[in-house]
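> Generate coordinates for the sequence data below:
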Amino acid sequence: MYLNCHTYYSLRYGTFSEVELLRLAQENGVVRLALTDINNTSACLNFVRKASAYGIDPVLGIDFRNGVDQCFVGIAKNNEGYLELNDFLSEHLHQEIKIPPIPPRFKNAYVIYPFEKVLLNEMMNFEEHEYIGISIADLRKLPFSRMLRLKDKLVVQQPVTFRNKSDFNAHRLLRAIDKNVLLSKLEKTEEGNENEKMYPVENLMAAFSEYSFILENTERLLNTCSIEFDFSKGRKPQNLNTYLGNKKQDEALLEKLCHEGLSYRYPEGGEGILERLDKELQLIKSMGFISYFLINWDIVSEARRRGFFYVGRGSGANSIVAYLLRITDVDPMELDLYFERFINLYRANPPDFDIDFSHRDRPEMTQYIFDRFEHVALLGTYVTFKEKGVVRELGKVFGLPKSEIDFLSEGRYDVLKLDEVSRLVLKYGRLIMGMPNYLSIHAGGILISEKPLHWFSATHFPPKGFATTMFDMVIAEDVGLYKFDILGQRGLAKIKESIDIIAYNQPDKATSFDIHDVKEFKKDPKINDLIKTAQCMGCFYVESPAMRMLLKKLEVDNYLGLVAASSIIRPGVAKSGMMREYILRHRNRGRAEEKAHPVMLDIMPDTYGVMVYQEDVIKVAHHFADLDLGEADVLRRGMSGKFRSREEFEKVRLKFIGNCRTKGEPDAVIFEVWEQIASFAGYAFAKGHSASYAVESYQTLFLRAYYPVEYMVAVLNNGGGFYHYEFYVHEARMLGANIHPPCINKSNGSNCVFARDIYLGFIYLRDLENRVISRILKERSDNGLYLSLEDFLDRVLISIEQVSILIRIDAFRFTGINKHQLLWKAHLFLTKTTKIEHPKLFKPDRQKFEIPPLYTTDLEMAFTQLELLGFCLCSPFKLLEEAPKNRNCSKDLERYLNQYIDIYGYLVTVKNTKTNTGKHMHFATMVDQDGTVFDTVLFPPVAAKYKFRGKGIYRFYGKVVNEFGFLSIEVLKMRKEDYMPDPRYADMKTSTQVFEQRKTIGSEEKEVDVQ
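As a prediction, the model looks like this:
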């Protein structure tokens, strides 16, 4: 009887989920109802999926509105009608046009006009599929309306939006958030009616008892509607079924491509290769996944044709077919990759391929996919209201000042000390926490389906410019749609740009290597030594302090070791306590025999009986707990958070425990193994995934080892990495580059290099406008280098404020004229009131000005760089008010092992974390006076007493400790050192004297205890 029901996917309007709607219907004796969210179909598939569990026949539709103004409700008779409604809604969302008052004539969908709209628009003539909706509130007006004569056209349209007063309060808050107004200023027209509730069927029938024909019409309409989607285990995949249009042709093409790939990947053959290939091909055919492989092959083949770099990773890297098709660069034979993790007879969904492209190339490849295939859309996701966001949104709605909102959002408050309004924010925040806030885009998922994607939902059109589904990956898989992951990654752009830079900076070397010949890189001692010594800044996935620490502790010096490290670093292994155990067993091989469970050691001898990869969950569940491969994969997926049915997961968990007890395993061992699985599975990598990462790591390590300057420029030009760009500039200097500030005649927008001279790009000048940069570069490109400041000002339209930035950073140093003199010249030539509308046709005659000699010190230049670039190009230690009292550096740590050291460091990065008991502690990475990195740790008692106060130089006193060969300092005391007063605002003579004194003091080496 209910034709107009909303869930909270009526975004910022509805107040409860589709499952709660079904439960509500069950409680009220409703056996058939229509879900009609406002301009949205996000909940539809799961509504259908869950309906049978509540004994309800689902009907789907859409509540078409302009804002809150209801135009009409569309109800799908069947799947074709649902497609029509989705097509109609999507067209209006994509083109951002209003919903018309009268829709087109739908062939398989009903249209219900609200009673009030019919009266307002004086509608009298209705098509066969059109009806007039009457709510309980409308019954008062119906007897006095001429609509009563249209008995066959009247149906019940009692909207359902709220369950109770609490829902209505949440609704009002959502509406105020949506309109960005104070709750007290929210107009009543922006709210729904508080009576939009579901009543028991007998109550509804009683309300309409005088108009039994309305009830009959409604029942008749509902009975003609049905919707079907297959959510069963044996469902057919809904992805594009064939690549060439014929399955036999697809099979032939796949076999042909694989055998062509054999000569490229295995020119010398190898044992077991053909057997593995035949096994995979048979399984891929039997599972119906051939088109999935061929579509991925098509995508990467096009990328190679366009000269784009890519990396294929994910569990797909476990497949020799993927390796032969060049979807991945990981040899599964070399790594003995577990094919059953990738694909097995128990797995309904196709294998998981993540294909990474440069962030610059990804949009072009996405456009190619949309052009190449017929039914394509990006996969959607929902952004929900999180705690901090709720506090901020409701703080504005209740009129709190920004300072109080900031205080509340930090979460460090005593509820008893809060005022009434702040307590209201927290109280009502609980009502909307976790609700969907708006639709967004999955990180990389693309759907390529056999049917039109509007068969499953409408699509919206986010700023990226591609149609995007209104449902997420979980329900997509439930209905048989499996995503292709097309991801953007800056690491690939760094590799590609490095090669481009090498081509112009060292053209004779550009063709001397093949960046894809990773087999040679794996054997290169120079590259492996970088890994062993953790000299990896700027290199993909191995540059963070935690990874650097792990590489040293494991003494990694080969590819297989790096593959393991790439997975061990993940939170799951660390959280389970097995990262430390792995290191101990790695350094003492006998420990594995003593500590590991024999079955675990037998299953995972290469990792000393420690679970490191996702495959290990399947192996342990299969061999230790006797679960079949299908059940083992349920376990893995359930723990990774990608599996919806917690009931099925619970059954597998109980069977895991029961089987182990049957085998006689003691509970202590069973639950220890279970905890290892539970704490690690959600964050672990598949081994093939780790191997893919390690391949890219080796490529970047090769470039760092042999072309360090070019590589660091590419890193900087692609957004840096784990660290602030300042430290990649520093690293380039440590690798032999000469760093120059921006130059009018040498610099570009981004950084450039000539031999070993790096010129910083104009983009680092934070206040320099992009349009000014464009003008400078275009004029220089068109008419040659600038000859002087005057020549520059004649040729480039620029304000005095903008040219002052360039002069102050010394971008005109080629003139040999002091920057203070240049500033005077610029001010005399340009005035703030002069507005130049166009370039000058002829160079004007310039009046000659006599400017007295002016001077600039290096110290002034350093502070100017700090202001304009965000960092200085000299050592920051030269800026200290008091020169360092000693010269202790990273190289001295071994000498101070198990002793106390007094050392200065410039902050690179700090990781704030908590102990198991919730106490704060810090790990900080610093640069010493020699420019070398060292690491510190502040345990809770010290962290409670000393705080890091932003970037700068800190003086530490602490104990040097050694853990598995990794040296660090356990800090006891810490103090941030002050920079000297900015000499630009001091007497010129004084600042010169200060700088000269610094030169002599800095050469002294004196150790002083920090006490």
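> alpha carbons only for contacts and neighbour counts from here, please
Fine.
> Does Ser968 touch Leu938 like I think?
No: between Ser968 and Leu938 there is no contact under Cα atoms under 8 Å: 10.8 Å.
> Need the overlap of contacts for those two.
Shared contacts of Ser968 and Leu938 (Cα atoms under 8 Å, 6 or more residues apart in numbering): none.
> so for the helix or strand hosting Ala668, what's the average pLDDT?
In the assignment (DSSP states H and E), Ala668 maps to helix 667-680. Mean per-residue pLDDT for helix 667-680: 82.
> again, but for stretch 958-975
97.
> change the start of the numbering to 54 and stick with it
Sure, I'll start counting at 54 from here, so that last one is stretch 1011-1028.
> Just the C-alpha atoms of that stretch, please, in CSV.
Listed in CSV are the C-alpha atoms of stretch 1011-1028, where the atom choice follows Å, rounded to 0.1, in the frame of the first residue of the first chain:
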residue,chain,number,x,y,z
GLY,A,1011,69.2,10.6,24.9
LYS,A,1012,70.5,7.1,24.8
VAL,A,1013,71.7,5.5,21.6
VAL,A,1014,70.1,2.0,21.2
ASN,A,1015,70.5,-0.8,18.7
GLU,A,1016,67.6,-3.0,17.6
PHE,A,1017,68.6,-5.6,15.0
GLY,A,1018,71.3,-3.3,13.6
PHE,A,1019,69.1,-0.2,13.4
LEU,A,1020,70.4,2.6,15.5
SER,A,1021,68.1,5.2,17.1
ILE,A,1022,68.0,7.6,20.0
GLU,A,1023,65.7,7.1,23.0
VAL,A,1024,65.2,10.8,23.9
LEU,A,1025,65.2,11.9,27.5
LYS,A,1026,65.2,15.7,26.9
MET,A,1027,64.5,17.9,24.0
ARG,A,1028,64.5,21.6,23.2
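> on that earlier part again, tell me what the helix holding Ala721 is packed against?
If you count contacts as 3 or more Cα pairs under 8 Å, 6 or more residues apart in numbering; DSSP states H and E, helix 720-733 packs onto helix 624-628, helix 699-715.
> Helix, strand or coil: sort out the nearest residue to Leu821 once chain neighbours are set aside for me.
Sequence neighbours aside, Gln855 is the residue nearest to Leu821 in space, at 6.2 Å (criterion: Cα to Cα, 6 or more residues apart in numbering). The three-state label given to Gln855 by DSSP: H, G, I helix; E, B strand; the rest coil is helix.
> residues contacting Gln855?
Here Gln855 is in contact with 820-822, 825 (Cα under 8 Å, 6+ apart).
> Turn the buried ones among these into a named PyMOL selection, would you?
Remark: buried members of the contacts of Gln855, expressed as a PyMOL selection using 16 or more other Cα atoms under 10 Å:
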select buried, resi 821+825
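> Contacts only, for Glu573.
Neighbours of Glu573 in contact, by Cα under 8 Å, 6+ apart: none.
> Report the secondary structure state of it.
Glu573 ends up helix, using three-state DSSP.
> next one: Pro157
Strictly by three-state DSSP, Pro157 counts as coil.
> what's the spacing between it and Glu183?
11 Å (Cα to Cα, to the nearest Å).
> Same drill for these two, tell me which one is more crowded.
Glu183 (20 against 9; other Cα atoms under 10 Å).
> Identify the residues contacting the more buried one.
Here Glu183 is in contact with 163-166, 206 (criterion: Cα under 8 Å, 6+ apart).
> For stretch 198-209, buried residues please.
200, 206-209.
> who touches the residue nearest to Leu235 when sequence neighbours are not counted in this structure?
Excluding its sequence neighbours, the residue lying closest to Leu235 (Cα to Cα, 6+ apart) is Val450, at 4.4 Å. Val450 makes contacts with 226, 229-230, 233-236, as judged by Cα under 8 Å, 6+ apart.
> Pipe those into JSON lines and attach secondary structure and neighbour count per row.
Below are those laid out as JSON lines (DSSP: H, G, I helix; E, B strand; the rest coil; neighbours: other Cα atoms under 10 Å):
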{"residue": "Leu226", "secondary structure": "helix", "neighbour count": "27"}
{"residue": "Ala229", "secondary structure": "helix", "neighbour count": "26"}
{"residue": "Ile230", "secondary structure": "helix", "neighbour count": "20"}
{"residue": "Asn233", "secondary structure": "coil", "neighbour count": "14"}
{"residue": "Val234", "secondary structure": "coil", "neighbour count": "17"}
{"residue": "Leu235", "secondary structure": "coil", "neighbour count": "17"}
{"residue": "Leu236", "secondary structure": "helix", "neighbour count": "19"}
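> which of these lies closest to Leu173?
Ala229 (27.2 Å; Cα to Cα).
> what packs against the one helix or strand Asn270 maps to?
Here Asn270, judged by DSSP H and E, is contained in helix 265-276. Other helices and strands packing on helix 265-276, by 3+ Cα pairs under 8 Å, 6+ apart, are strand 207-209.
> mean confidence for the strand it packs on?
Strand 207-209 carries an average pLDDT of 97.
> ok, it: who's next to it in the sheet?
strand 183-187 (parallel) (DSSP bridges).
> quick one on the thing from earlier: I'd like the contacts of Val450 written out as CSV, with pLDDT and distance to Leu347 added.
Formatted as CSV, those follow (pLDDT from 0 to 100; distance: Cα to Cα, whole Å):
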residue, pLDDT, distance to Leu347
Leu226, 96, 49
Ala229, 97, 49
Ile230, 97, 46
Asn233, 95, 48
Val234, 96, 52
Leu235, 96, 55
Leu236, 95, 55
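> Can I get the residues you listed in CSV including distance to Phe141?
Below are the contacts of Val450 laid out as CSV (distance: Cα to Cα, whole Å):
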residue, distance to Phe141
Leu226, 30
Ala229, 29
Ile230, 28
Asn233, 29
Val234, 31
Leu235, 34
Leu236, 34
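> and of the residues you listed, the nearest to Phe346?
Nearest member of the contacts of Val450 to Phe346, counting by Cα to Cα, is Ile230, at 45.3 Å.
> Report the contact partners of the closest one.
65, 446-447, 450.
> again, 6 Å this time
Under the criterion of Cα atoms under 6 Å, 6 or more residues apart in numbering, Ile230 has no neighbours.
> Who's the closest spatial neighbour of Lys103, skipping the chain neighbours?
Per Cα to Cα, 6+ apart, closest to Lys103 is Val72, 7.1 Å.
> my bad, should have said Ala744
Using Cα to Cα, 6+ apart, the closest residue to Ala744 is Val616 (5.1 Å).
> what about that neighbour, which SS state?
Val616 ends up helix, using three-state DSSP.
> Check the spacing between it and Phe284 real quick.
37 Å.
> hang on, the earlier thing: output the helices and strands packed on helix 720-733 in CSV; the columns should cover distance to Leu310.
Shown next, in CSV, are the helices and strands packed on helix 720-733 (distance: least, Cα to Cα, whole Å):
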stretch, distance to Leu310
helix 624-628, 38
helix 699-715, 39
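> weakest of those helices by average pLDDT?
helix 624-628 (a mean of 68).
> Number of residues surrounding Pro424?
Rather than Pro, residue 424 is Asp. Residues near Asp424, counting by other Cα under 10 Å: 11.
> right, I mislabeled it, should have said Ile710
16.
> before we move on, what about Leu680?
There are 21 residues near Leu680, going by other Cα under 10 Å.
> Check what pLDDT Gly464 gets.
82.
> Okay, now the unreliable bits of the chain?
Within the chain, the stretches with pLDDT under 70 are 391-401, 625, 627-629, 691-701, 732-737, 884-908, 1039-1064.
> quick one, what contacts the most centrally placed residue in it?
What sits nearest the mean C-alpha location of the chain, by Cα atoms, centre = their mean, is Ala496, with 5.9 Å. Applying Cα under 6 Å, 6+ apart to Ala496 gives no contacts.
> helix or strand for it, which one?
strand 489-501.
> who does that strand pair up with?
Counting by DSSP bridges, strand 489-501 is paired with strand 429-437 (antiparallel), strand 537-542 (antiparallel).
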